[in-house]
Each structure stands twice: as structure tokens, then as C-alpha cells.
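Chemist: Here you go, sequence then predicted model.
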Amino acid sequence: MTAPKLAITDSDPSSTTADAVVVGTVQGPDGLALAAGSEAVNAAFDGALLDVLDAVGASGKAEEVVTVPALGKLAARVVLAVGLGKPADDGSVTEDQVRRASGAAARALSGRKRAVTTLSALHLGPAVEGTVMGSYSFTAYKSNKGDGPVARVDLVAPAEGNIRAHRATLKASTAIAEAVTATRDLVNTPPNDLFPASFADRAAALAKAEGLEVEILDEKALRKQGFGGILGVGGGSSRPPRLVRITYRGPKAGKKVALVGKGITFDTGGISIKPAAGMDEMTSDMGGAAAVIATVVLAAKLKYPLEVTAWAPMAENMPSGTAYRPGDVLTMYGGKTVEVLNTDAEGRLILSDAIVRACEDAPDYLIETSTLTGAQVVALGKRTAGVMGTEEFRDRVAAIGRAVGEQAWAMPLPDELRGDLDSKVADLANVAGHRFGGMLAAGVFLREFVAEGVTWAHIDVAGPSFHTGGPYGYTTKGGTGVPVRTMAAVLADIAANG
Ligand code: BES
Ligand code: MN
Ligand code: ZN
């Protein structure tokens, strides 16, 4: 995927030669209204831009795209008016309103050579992120690659702040959006090409490009060190498992953060096999691993004053003569034993190995993310992640997620569910004997493996990490890159506030 070339401009958008000028519209208290930033374009239309847009049916509702010809009034050929939705009482719009509108505009502009956007005058960083994320398409396996993204977008600078600050925002927001698109690329790569060894190689390549330290444990090293969860889950596949560690050490001694992500390159369910319908979606069961890999690389690009280590356990969950069975007892890394009652509850098994290993390095914070349970989707829907863990940190992560436009909601870890994971033969079982609170039960299972005193959060992104419908806002089909922007913002918050 090639992203559009972005530049900040302080020239008048009405005199910029381009295929299109993007302006924002809102659903104001009295109906359609122009968003701030559109003044120069409106002036070039002799103040009649609102009338023109109204005449062709624009309403200002979120993501509505209306195009009108400029008829020589502008250096650009058309005005592309994109809806931001309802503004706040004071007339302001949120960052995510700008991100979504920029994504919708970017999609509408695909194939064009050059656009100039005024949405950046509202919120520069979100306009950059929305433009890059909305331009994304995954065409690696298509003979016909389609139009491709708009080649170049000039972003009108906000009135406040100076050009140096704007350039820094452009750079940071571009890096954040590219971490999202790198995650999407990994998720969208099919499992015949993305299996544990090839996934580990791609992770290493991304990390080494930023000069980061990488360690890959192959099946022999995993056996030697006793990673029974990863080996158990990976045992059914002809393509053996891996554990990838990527470490970034920031410029100043800061907090130590461990990121852990689920890397099941394909989840058939194993011997507890899944039904055929929809099984293809389990190509996305490595979205957590992809997200933590992209996030540690991003932390390095943005030079966060932190030490960040990403842990990505990778395995393919397959049924075969060598597969682990319901009834097996696995000895996990660190020595706890787990009775496997359902081989489709495999994520928690590879994650707990990685969590125990990550905790050996005594991180100040541990953030783990995974496409862990169908119950997450039942409880919160396709677009809202469930966040569990240490209460205060859980709430902080969920609030930061919402602030960056990745919907997230704090969920409890009820103590009584621990008893439901008791096993007759082992320290615990990998599933409760019932379906109630399935997302929470998985979190309670993981809690057993987090070391005493480590502040942690578990983000279940079973729904939000993969999008099967048509594109909306900056979300395109397939991998979404959730929760990369949440984790990046949490890291920034830890760097700033401890
Ligand atoms: N990878 C799935 C969870 C999932 C489901 C992700 C739907 C994305 C969309 C996970 O490994 C799984 O199979 N979980 C089981 C757990 C159950 C056996 C306790 C589930 O949710 O059914
Ligand atoms: Mn499963
Ligand atoms: Zn899974």
C-alpha cells in the first residue's frame, strides 16, 4: 500500500491548484452549516457555498460526501464537502469527528492526483491520521490494484501554533497512522503466507529497520525453556510456533512497559473444531500480536522516554495427529499446570506463557491485547473493546481508547469466576463449565499468570480488530489496526505522567 504524500500549507486553499478542495460541513442547530476552515473557499464562492451545498442536498451528517464543481471560482476543480456531524454547543467538533471525516474524504478522493484539505485547520493530527488510514487498501493479492490512494494531500495549517509544531504533529501522526496500516497489512496477509515463522521474520524486519533488539525463540528453544502453552497449541500444525521479543530502550530512563499480543496465525479451534461458517475470519486471530509489534516500533520512531518490550507468541491452532487434545494437561512456562477442556480456548494458553515471561523482567505496566473471545463481541458488539485488569489502569486505558476514537469499555474480573476454572487434575482449567461472562472468565484465567504487583490491562479486541462490512470513516475492510492508537496514547500518557 502506498500512502498519500502529505504536506502542511499556509497558502490560500482557494488558489491552490488541485483536483479537489475538502471543506467540512456540520449539522448545526439550524441545519447545514460550514465548519471553520472553509472561509476562504466560501469567499471565493462569493459567500454562496452553503447555498450551493444546500441546493444539492447536503445535510452535514457524519461522513456525508457531496461534490460540487468550482466553475473557475477556485484553482481547484471541485469542492468536496464532507460531513462532520453535530457540533458541540460551542460549535466545536471532536478530534474523532475530524478523523472520520478525513477518512471518508480520503476514500472519496482515491485515484486523484492532488487535494487540499481544510479539515486540518480544525484538528491537524486527526486530519493526518484519518487521511492516511482512510486511504488504506490491501491489494497485495489482487491482479487489478484499483485506483490507489489520492497521491498528494496538502493540509491547511491551523491558525494557532507555529509551523515547527505543525511539522512535528504531521510527523508523529503520520507515524501513528503508519503503525495502524502496518498492523492491517499483517492481519490482511492470508495464513498460507503468514504462519508463525514467516510472521516472526516480518516482525523482526520491522523492528530491525528501527534498530531494535529482536529475539525469536523457535520450537526447540521453546521446548528447552518450558513454554508448554505455546508448544501445546502449536503442536497440531506442521508449521511450528514462535515467541518473538522486541525491545526498545528509550533515550531517558523511564517506566518499563511490557506489551503482549495474541499471535494465532489461524484458529481452526483445533480438535474442538469450529464450524465452517465464518472460520475464514480466524485469519485475523493474530491481530493482537501485529498490534504490539507495530506499537513497539512506533514507540521507537517517536522516541518515547520509556523501555518498551513487545512479546508476541505465535502459533497455528490446527487439528491433526499431533494436535493437543481436550483432556491434556499442559505445564506452562513458570510451572503452573492447565487442563485443556476446549482446544478452541487456545489464546489464553499462548498468552499466559508470554505473560509469565514478560513479568520476569518486572515491568511497571503490562498491556496485553488479543482477539480472545467471541463473548466480547456478544457483550460489547463489533466495535467496542473490553478492557480488564488492575482497576485504575484498566479505567485509564479504556478512557484513553475512547479519547483517540477506539471505542473501549472497562469490564470487571469477578472473583467468583475463578472457582469455575478449577480443574480436577491440574492447577486450573482453560475454560469454565458454562458460557456466562465468557470474556470475563478469559480475563480471570489470564490474571492467574500476572505476577503480584504488576499493574496490567487486558484488551479483548475480538470484534474491533477486524472489520467485515463496508468501509466507514477511516476504517477499511479487514484488519483495522485496533488497538494500536490506544496503546500508543497509553505509552505517551505513561511517558508524560508516569
Ligand atoms: N479466536 C477466538 C475468539 C474470536 C471469536 C475472535 C470471534 C474473533 C471473533 C478464540 O480463540 C476462541 O475460539 N474463543 C472461544 C472460547 C471458548 C471456547 C471458551 C470462543 O469465544 O468461542
Ligand atoms: Mn479459538
Ligand atoms: Zn483464537
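Modeler: The structure has been received and is ready for your questions. Ligands and ions are numbered 1, 2, ... in the order given.
Chemist: How about the residue of the stretch 251-400 of the chain found nearest ligand 1: what's its closest non-neighbour residue?
Modeler: Going by C-beta to the nearest ligand atom, ligand 1 is nearest to Gly374 of the stretch 251-400 of the chain, at 3.2 Å. Heads up, the C-betas are built off the backbone N, CA and C, glycines and all. The shortest distance from Gly374 to any non-neighbouring residue, by C-beta to C-beta, 6 or more residues apart in numbering, is to Ala462 (6.3 Å).
Chemist: Now do the contacts for that neighbour.
Modeler: Each residue near Ala462 by C-beta atoms under 8 Å, 6 or more residues apart in numbering is listed here: Ser370, Thr371, Leu372, Thr373, Gly374, Gln376, Val377.
Chemist: 7 Å - rerun?
Modeler: Contact partners of Ala462, counting by C-beta atoms under 7 Å, 6 or more residues apart in numbering, are Thr371, Leu372, Thr373, Gly374, Gln376, Val377.
Chemist: how long is stretch 342-353 from one end to the other?
Modeler: Across stretch 342-353, the terminal residues are separated by 18 Å (C-alpha to C-alpha, to the nearest Å).
Chemist: For the helix or strand harbouring Arg202, which residues meet the burial criterion?
Modeler: Using DSSP states H and E, Arg202 sits in helix 196-208. Buried residues in helix 196-208, counted by 16 or more other C-beta atoms under 10 Å: Pro196, Ala197, Ser198, Phe199, Ala200, Arg202, Ala203, Ala204, Leu206, Ala207.
Chemist: Pull the number of nearby residues for the residue of the stretch 251-400 of the chain closest to ligand 1.
Modeler: Neighbours of Gly374 under the rule other C-beta atoms under 10 Å: 15.
Chemist: What are the structural domain limits within the protein?
Modeler: Domain segmentation of the chain under automatic domain parsing yields 5-169, 191-497.
Chemist: before we move on, back to that, next one: the residue of the stretch 251-400 of the chain closest to ligand 1 relative to His434, how far apart?
Modeler: To His434, Gly374 is 14 Å away according to C-beta to C-beta, to the nearest Å.
Chemist: Let's verify Lys145: helix, strand, or coil?
Modeler: coil (DSSP: H, G, I helix; E, B strand; the rest coil).
Chemist: where's Arg249 relative to Gly498, distance?
Modeler: 18 Å.
Chemist: Same drill for these two, tell me which one is more crowded.
Modeler: Arg249 (14 against 9).
Chemist: In this structure the more buried one contacts Glu307, no?
Modeler: Yes. Between Arg249 and Glu307 there is a contact under C-beta atoms under 7 Å: 5.1 Å.
Chemist: Please name whichever of the domains of the chain is nearest to ligand 3.
Modeler: domain 191-497 (3.7 Å; C-beta to the ion).
Chemist: Do me a favour and get the end-to-end distance for the closest one?
Modeler: 40 Å.
Chemist: Tell me if that domain is near ligand 2.
Modeler: Yes. Counting by C-beta under 5 Å from the ion, ligand 2 has neighbours in domain 191-497: Asp267, Asp344, Glu346.
Chemist: Just those residues: which are in helices?
Modeler: The helices, defined by DSSP state H, take in nothing from those.
Chemist: top of those by neighbour count?
Modeler: Within these, neighbour counts (other C-beta under 10 Å) peak at Glu346, which reaches 30 neighbours.
Chemist: ok, and the residue in the stretch 101-250 of the chain that ligand 2 sits nearest to, which helix or strand is that part of?
Modeler: Across the stretch 101-250 of the chain, the shortest distance to ligand 2 (C-beta to the ion) belongs to Val233, at 9.2 Å. Applying DSSP H and E as the criterion places Val233 in helix 228-234.
Chemist: Many thanks, have a good one.
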